[in-house]
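1. got a sequence here, can you build the structure:
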Amino acid sequence: MLLAIRGQLIHILVAITMLAALASQACAATISLEDAIARALIFAPSVASASAQSDLDNARVDEFRAPLFPSLAANGEYQQTPGYDPIVTNRGLTLGQLGLDYTAFDGGRRSAQVRSAHYAAMAAALGITAARNQIIFDTTIAYYDLARALAAEAELQASVERLTQYVKVIEALQRSGRAIASDVLMLRASDDSAMLTLAAGHQAAAHASIMLGSMIGDFNDTALRVTDVPAPSPPPDGDGSQNPAYRAATRAVQAAKLTVDAARAERSPSFKIALTTGWEGINPPKTFDHYFGASYDGAVSVPIFDGGLIRAHINEAQAAVHAALAQQHQIDVQNRRDLADARSRYKDASDQIVLLRGSRQTADDLFALAWTRFLGGGNITLLEVVSAYQQAESLRLALFDQQFAARQATAQVDAILGLAQ
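-> Numbering: from 1, shown residues only. The predicted model follows:
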């Protein structure tokens, strides 16, 4: 009696959950993978962050390019020093000039800095591509996970409906004396367990919907639906050389090497030219009436001793090169490892899909035979029938997991090869 009451309570609770799920599905939004990716690329902050870094590095290119050109500035000054010795101060100064400064030669330091900044800007631009690549991968996986959860939910729903019908059959057999009470209780327990599993399936689908929704800016929809997902496809060939992160690391290495060239150029002599034109004198009226002129200056600077500063700059730049090379190698090693792992996982999942499809058909046939024998009064217990049903059901659910694993592996290969852009 207690078991019957408990079973009825479970049926009521699960029925309420199912009605709520059906109501939410009735008004649920359906989204395609392309739409989800497009919305995620707009919503995700990582692209904006990478774009800001790219803008910063492009500005640095302009900053380092500016010293390659002459600088032109207007200078004005008026000074009176009545309290000081005029022999020292010349009593005052009136100045109004236009000045031009230009570094004609510095051993290639400025050009190396410009090229280094240019490669850094290229790496930052590839950082945008890498961010987009990662967003596409994460969104694709979330989409496939939601598709798996919805497929499992639908299968669990169908399983509950089948078991409910089987319970009705057993109850009718009990009334006719062809089944005993323990058979009814056993099948009811299986039905109750299936309903609890279905409730967990509803929760898993809602969680997967929230995860996908959070990537596209919808944090409240727990009943997103997906369009038809194609069958798993094999991953493409490639070695990962076009991976955005690896390409960015390569540009970072080139930028670091040019920083070494710029540091070494500090040892070279530098030659600067300065030109001025305008007025310079003591009193303003007389200065602007009589002292308009011009000047030119050329200066050569040769570093002789700086206490090891240039050597320190070179060592710092070389250390940055070593760090960039190590980062490039680390990305290459990780990409190769992940490619091998993803392709292996796809092969394993594909093999299991083939086995599961064959095994599922066998398990379905086994259950159908066992159920028929039980109904026909054959020498078989209901425990064997339930065991056959549960085995067939577990194989159906396992197929969804392996299909997801295959799609996940292919998506990961696409992301590593830079094809998800």
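2. least trustworthy helix or strand in the protein by mean pLDDT?
-> Within the chain, no helix or strand scores below helix 2-26, which has a mean of 48 by mean pLDDT, DSSP states H and E.
3. given the helix or strand just after it, what are its sheet partners and their directions?
-> Using DSSP states H and E, the helix or strand that follows helix 2-26 in sequence is strand 30-31. Strand 30-31 pairs in its sheet with strand 225-226 (parallel), by DSSP bridges.
4. just the helices in the stretch 151-300 of the chain please.
-> With DSSP state H, counting those that start in this stretch as the criterion, the stretch 151-300 of the chain has helices at 181-216, 244-264, 284-290.
5. now do the second one, average pLDDT.
-> Confidence over helix 244-264 (mean pLDDT, whole number) is 96.
6. tell me which residue lies nearest the centroid of the protein.
-> The centre of the chain sits closest to Q134, judged by CA atoms, centre = their mean, with a distance of 2.8 Å.
7. for the chain, which strand extends over the most residues?
-> Using DSSP state E, we find that the single longest strand of the chain is strand 92-105.
8. all strands for the stretch 51-200 of the chain, in order.
-> Using DSSP state E, counting those that start in this stretch, the strands assigned to the stretch 51-200 of the chain run over residues 71-80, 92-105.
9. dump the shortest one to PDB, restricted to CA.
-> When you say that, I think you mean strand 71-80. Taking C-alpha atoms only, strand 71-80 is exported to PDB below (Å, rounded to 0.1, in the frame of the first residue of the first chain):
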ATOM      1  CA  SER A  71      59.300  67.600 -36.100                       C
ATOM      2  CA  LEU A  72      58.200  71.200 -36.500                       C
ATOM      3  CA  ALA A  73      57.400  73.300 -33.400                       C
ATOM      4  CA  ALA A  74      56.700  77.000 -32.700                       C
ATOM      5  CA  ASN A  75      58.600  78.500 -29.700                       C
ATOM      6  CA  GLY A  76      57.800  81.800 -28.000                       C
ATOM      7  CA  GLU A  77      59.400  83.200 -24.800                       C
ATOM      8  CA  TYR A  78      59.600  86.600 -23.100                       C
ATOM      9  CA  GLN A  79      61.900  87.000 -20.100                       C
ATOM     10  CA  GLN A  80      63.000  90.000 -18.000                       C
END
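10. among the strands of the stretch 51-200 of the chain, which is the most enclosed?
-> For the strands of the stretch 51-200 of the chain, the largest average neighbour count (mean count of other CB atoms under 10 Å) is found in strand 92-105, namely a mean of 15. Using the backbone N, CA and C atoms, a C-beta is placed for each residue, glycine as well.
11. that one vs strand 71-80, what angle?
-> 160 degrees (axes from the mean of the first three to the mean of the last three CA atoms, to 10 degrees).
12. which residues are in contact with D191?
-> Neighbouring residues of D191 by CB atoms under 8 Å, 6 or more residues apart in numbering: 7, 160, 163-164, 166-167.
13. let's see that with 6 Å instead.
-> The contact partners of D191, by CB atoms under 6 Å, 6 or more residues apart in numbering, come to 163, 167.
14. need the per-residue pLDDT for it.
-> In this prediction, D191 carries a pLDDT score of 92.
15. kindly report the same for S111.
-> For S111, the pLDDT comes out at 95.
16. how about it: what's its closest non-neighbour residue?
-> Of all residues not flanking S111 in the chain, L68 sits nearest, at 7.1 Å (CB to CB, 6 or more residues apart in numbering).
17. the one you found and L258, how far apart?
-> 15 Å (CB to CB, to the nearest Å).
18. as a check, name the ranges of all strands in the stretch 251-400 of the chain.
-> 270-281, 292-301.
19. quick check, pLDDT for R178.
-> pLDDT recorded at R178 is 84.
20. and it, what does it touch?
-> Contact analysis of R178 by CB under 6 Å, 6+ apart lists nothing.
21. next, it: phi, psi?
-> Taking degrees, to the nearest 10, you get phi -100, psi 0 for the backbone angles of R178.
22. ok, back up a step: L68 and L258: who's more crowded?
-> Neighbours per residue, other CB atoms under 10 Å: of L68 and L258, the larger number sits with L258, 22 against 13.
23. now do the phi/psi pair for P70.
-> Recorded main-chain torsions at P70 are phi -70, psi 150, according to degrees, to the nearest 10.
24. shift numbering so it begins at 50
-> Shifting the count to begin at 50 puts that one at P119.
25. I figured it hits Y151, correct?
-> Yes - at 4.0 Å, P119 and Y151 qualify as touching, with contact defined as CB atoms under 6 Å.
26. overlap in contacts of those two?
-> Both P119 and Y151 lack any common contacting residue under the criterion CB under 6 Å, 6+ apart.
27. the residue lying closest to T430 once chain neighbours are set aside and D150, how far apart?
-> Nearest in space to T430, with sequence neighbours left out and distances taken as CB to CB, 6+ apart, is F423 at 7.9 Å. Applying CB to CB, the value for F423 to D150 is 100 Å.
28. one more: E126?
-> As judged by CB to CB, E126 and D150 stand 17 Å apart.
29. what does N292 give?
-> 45 Å.
30. cool, T246 as well?
-> Taken as CB to CB, the span from T246 to D150 is 79 Å.
31. and the pLDDT at Q223?
-> Here, the pLDDT recorded for Q223 equals 88.
32. next up, the contacts around it.
-> Neighbour list for Q223: V233 [criterion: CB under 6 Å, 6+ apart].
33. same deal with K321?
-> When contacts are counted by CB under 6 Å, 6+ apart, K321 touches 152, 348.
34. A454 reaches D397, doesn't it?
-> No - using CB under 6 Å, A454 makes no contact with D397, being 7.8 Å away.
35. of the two, which one has the most company?
-> Taking other CB under 10 Å, A454 and D397 do not tie; A454 has more neighbours (20 against 14).
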